[in-house]
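1. Just to be clear, the model below is a prediction. Sequence and coordinates:
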Amino acid sequence: MADIGSAAVVFAFVISLYAAVASFINGRWRNAEVWASARFAIFVVAGLTSIASAALVYSFFDRDFTIAYVAEYSSRDLPASYTFAAWWAGQAGSLLFWAWVLSLLAVIVVFLQGRRQYHEVIPYVASVMMGILTYILGIVAFSSNPFDRLPFEPADGMGLNPLLRTSDMFSHPITLLLGYVGFTVPFAFAVAALISGKLDDWWIRATRRWTLIAWIFLTLGNIFGMVWAYTVLGWGGMWGWDPVENASFMPWLMGTAYLHSVMVQQRRGMLKVWNLLLIILTYALALFGTLLTRSGLLSSVHSFAMGSTGPLFVALILIVLMGSLQLLWSRRHLLRGQHELDSLVSREATFLGNNLILIGAAFAIFWGTVFPLLSEAVRGVKVGVGPPFYEQITAPIFLALIFLMGVCPIIGWRKASTENLVRNFVLPATVGATTFAVLYSMGLRPFWADVAFSAVAFVAAAILLEFWRGVRMRVRHGDNVLAALPMLIWRNKPRYGGYIVHIGVLIMTVGIAGSMFFSTNIQKQVAPGESIDIRGYTLTFQGLTEVSTEHTQKVTGTLLVSRNGKQLGTIESGKRVEGHADEPQPITDVGIRSRPLEDLYVILASWTEDSNTATFKVLVNPLMMWVWVGATVLVVGTGIAFWPDRRERQLVPARERVTVEALEPSSA
Amino acid sequence: MHRRILALALLSALVVPVLPLVAHAEEEPSVHSVASELMCQCGCALTVAACQEAMECTVADDIVEEINNQLVAGKSKGEIHTYFASVYGEKVLALPKKSGFSLTAWTTPFLAIAAGAVVLSVVVWWWVKARTGPTQAETSGPEQEEELSRYEQQVERDLRLLGDQ
């Protein structure tokens, strides 16, 4: 099976190279036969990568430990579900997964989207996608091949890292990789627009849903990563500002800036260069994320995968950046906006402000990531840059972003009049200011917590005011009161879906601010019967139980929880030592009691040999549940914004200024 | 009236859940809070607090024990950080110092955003100004008249073509 898989990868590499070249030839010189063969080649490549993927999965289930990748990431006792997930546990398999998804996306773009529209430019889109796929398949075939054989067959494999043996293995890496790969489509359309010289907003309309798909997967990847960190890694938090986390957050920030910026081009025909630049940078950062996640280049809690593809990926990022930026420069004369900004006090200007803040946040994170290297180069002293730095440096930036999130929807396009400002700002500003006054006068500290909650109040008021006005308008036009809200959302899904996404972000902000500013903890050694007191809770240690199997040793501590004399039940927290061969891995089983106001979070830190005493770390994380609630609302909002709209097809694109020359019969 | 009710309802919905936090603000530094501002030196890229929970790490265990001893001895968070910086160097601090070259770690992102804001404001101001100029001239400029005349000729030609059909 390894030979079949290996051969499929090599054939896929060769044929995708042909497809890239043939597609370009057709785009440039229009040759129906060449295009037919290119389309067939794209289809064949998808088939071959599917065969290679199936071969790898089969080899895992067949326990073929002559294959190095199978021996490294699975073992005979690995349950079937994790045996399947071992496909993307390491670098080689992840890249094969990446290539497989990209080949399927190419088929969807060429055979479904390209069949109905964009006939002239789809060959260029296909060429770019297949060119990138060729490069990735080249890495898989010649540098990081999951079918490479060992010189001997070990009796058993090393097994999957116990930290990866959780349900999160099916959500976090998959969604993150789908997000990274997904941005290939809008990038390919943008490059196709540059190559073809057709630089109006067709490519933005063509990729709106593709961008949303990539963005939501990247969002989900980050959220599932937070869940994994909170429930599995057991350090009490959800975001550790690890280099790999940073690498997945930066393209998200850039992609978010792009999602907002394209609205200005669609509406006003402006920011054409800016949007192209943003999608190019977003894609380069998505490749950088893939590189950091799966290259083992930096030490990280994500270093499950070690490989030698670093330089090849860096080369790919440079090719993507230099090639597309050069193309952008050569087309700059075609990228003049149809309109220019009318006023600093306009929605367009707030979108630009939003872009500045999002890119500033990405830059701050990038700066923190590279600063230790910079300091070493300049001073010869390596400094530490850890989570508190990122929290302190990004908090005011995100606060400004939240504020702009409230300003943007209530300020008019082109030029907001004084009347518009007064009419729209009075209520939100009053709600924000009153929230601040109430919280501050009641003694809520630190100061920045008051600012954060009142900023959330301001934005929530601004968004809900928009909903209120919309509903009122529909009721005046005869809608039933109960039907007005759903109908309002349904009739303008992109707009109100976007507002719901913003509401999700606000709810998440409340949770993040609550847990960040008001979390407390205690670490205490206790004997059975002794108690730990924290913020009104009393946790009484009941004792330890120990369970051992062939590959697992698990110790669990049980604590009786009460609050103000009222029994709330028990909470368990344990430590497992799992793993195969010579590298047992300790895993923390966190005990979490989650309620709307706070999470009680218990970690069994250590215990004595005679099991007479145990040391527990107990945290109380306020408002934590709202992070997950907000994330759910955000996903629902994106789903609404994504949902197809029949009226969308009837919409006439923004009218373009047609010159007299364009009306003349072509002399060619 | 409706607006006031909406504002009041919104205010209550936002303020009430946050009020329980008032009682819990500003607590004493703990081992965890000190360990959360020190980077573990085992090569994990995590803070001491996170590393100790996420994996078996004797380096983190030793640092936590020393933090505990120093807190019991009445040392402040700053004094404990200074102690560890003298043992491991600046790389143990999760927060770069706010002096010397390390100050640039703190200032550069904000300077970059401020510079971006200045550039953006200038560009927008320039756009607005440039727009105000031609808009006034649009109705009477010779270029516009010439363009209008060419459009009219084109319309005439198209109408003649339609008439021929």
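-> Cool, got the structure. Numbering: from 1, shown residues only, chains lettered A, B, ... in the order given.

2. I'd guessed residue A:614 sits against residue A:545; true?
-> No. Counting by Cβ atoms under 8 Å, residue A:614 stays clear of residue A:545, with 11.2 Å between them. Any C-beta I mention is one placed from the backbone N, CA and C, and that applies to glycine too.

3. Show me which of the two is the more surrounded one.
-> The neighbour count for residue A:614 versus residue A:545, taken as other Cβ atoms under 10 Å in any protein chain shown, is higher for residue A:614 (25 against 13).

4. residue contacts, the nearest residue to the more buried one once chain neighbours are set aside?
-> Using Cβ to Cβ, 6 or more residues apart in numbering or on different chains and skipping residues adjacent in sequence, the residue nearest residue A:614 is residue A:607, 4.1 Å away. Contacts for residue A:607 (Cβ atoms under 8 Å, 6 or more residues apart in numbering or on different chains) come out as A:544, A:555, A:557, A:613-615.

5. Now do the buried residues in stretch A:132-152.
-> Going by neighbour count (16 or more other Cβ atoms under 10 Å in any protein chain shown), the buried part of stretch A:132-152 is A:132-141, A:143-147, A:149.

6. Just give me the closest of those residues to chain B.
-> Proximity of the buried residues of stretch A:132-152 to chain B was ranked by Cβ to the nearest Cβ; the top entry is residue A:144 with 23.2 Å.

7. Let's verify that closest one: helix, strand, or coil?
-> Secondary structure state of residue A:144, per DSSP: H, G, I helix; E, B strand; the rest coil, is coil.

8. I'd say it and residue A:95 touch.
-> Yes. Look at residue A:144 against residue A:95 with Cβ under 8 Å: they come within range, at 5.9 Å.

9. Give me the nearest residue to whatever residue of chain B ends up closest to chain A, chain neighbours excluded.
-> Nearest to chain A in chain B, going by Cβ to the nearest Cβ, is residue B:94, at a distance of 2.8 Å. Closest residue to residue B:94 apart from its sequence neighbours, by Cβ to Cβ, 6+ apart: residue A:386 at 2.8 Å.

10. count of neighbours near the single nearest residue of the stretch 51-200 of chain A relative to chain B?
-> Proximity of the stretch 51-200 of chain A to chain B (Cβ to the nearest Cβ) peaks at residue A:163, 8.6 Å away. The number of residues packed near residue A:163 is 22, by other Cβ under 10 Å.

11. contacting residues around it?
-> Per Cβ under 8 Å, 6+ apart, neighbours of residue A:163: A:232-233, A:304, A:585, A:587.

12. Residue A:238: what secondary structure?
-> At residue A:238 the chain is in coil, as set by three-state DSSP.

13. So what does it have for phi and psi?
-> Note on residue A:238: backbone dihedrals following degrees, to the nearest 10 are phi -120, psi -10.

14. was I right about it contacting residue A:230?
-> Yes. Taking Cβ under 8 Å as the definition, residue A:238 is a contact partner of residue A:230 at 4.2 Å.

15. quick one, helices of chain B?
-> B:2-15, B:31-35, B:48-54, B:58-72, B:77-88, B:103-137, B:142-164 (DSSP state H).

16. what about the longest one, near chain A?
-> Yes. With Cβ under 8 Å from any Cβ of the partner chain as the criterion, chain A is reached by helix B:103-137 at B:105-106, B:108-109, B:112-113, B:116-117, B:120-121, B:124-125, B:127-128, B:130-131.

17. Quick one: buried ones out of the residues you listed?
-> Buried members of the residues of helix B:103-137 next to chain A, scored by 16+ other Cβ under 10 Å, are B:105-106, B:108-109, B:112-113, B:116, B:120, B:124, B:127-128.

18. mind giving me the domain ranges of chain A?
-> A:1-165, A:166-332+A:344-386, A:387-518+A:635-645, A:520-622 (automatic domain parsing).

19. can you put the ones you listed in JSON lines and add mean pLDDT?
-> What follows is the domains of chain A, written out as JSON lines (pLDDT from 0 to 100):
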{"stretch": "domain A:1-165", "mean pLDDT": "93"}
{"stretch": "domain A:166-332+A:344-386", "mean pLDDT": "89"}
{"stretch": "domain A:387-518+A:635-645", "mean pLDDT": "91"}
{"stretch": "domain A:520-622", "mean pLDDT": "89"}
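
20. So residue A:641 is in contact with residue A:499, correct?
-> No. In this structure, residue A:641 is not within contact of residue A:499 by Cβ under 8 Å, at 9.3 Å.

21. Enumerate every residue touching residue B:128.
-> Going by Cβ under 8 Å, 6+ apart, the list of residues near residue B:128 reads A:340-344.

22. so which of those residues are also by chain B?
-> Within the contacts of residue B:128, those near chain B by Cβ under 8 Å from any Cβ are A:340-344.

23. Out of those residues, name the ones that lie in helices.
-> Short answer: the ones next to chain B among the contacts of residue B:128 have none in helices (DSSP H).

24. Minimum pLDDT in those, which residue is that?
-> Ranked by pLDDT, the ones next to chain B among the contacts of residue B:128 bottom out at residue A:340, which has 70.

25. Where does pLDDT dip in chain B?
-> Applying pLDDT under 70 to chain B picks out residues B:1-29, B:54, B:131-150, B:152, B:156-165.

26. domain parsing for it?
-> B:27-95, B:103-164.

27. Burial-wise, tell me which of those domains comes out on top.
-> Neighbour counts (mean count of other Cβ atoms under 10 Å in any protein chain shown) averaged over each of the domains of chain B peak at domain B:27-95, with a mean of 19.

28. quick one on the thing from earlier: please indicate which of the contacts of residue B:128 has the highest neighbour count?
-> residue A:341 (24 neighbours).

29. pretty sure that one contacts residue A:347?
-> No. In this structure residue A:341 lies outside contact range of residue A:347 using Cβ under 8 Å: 10.4 Å.
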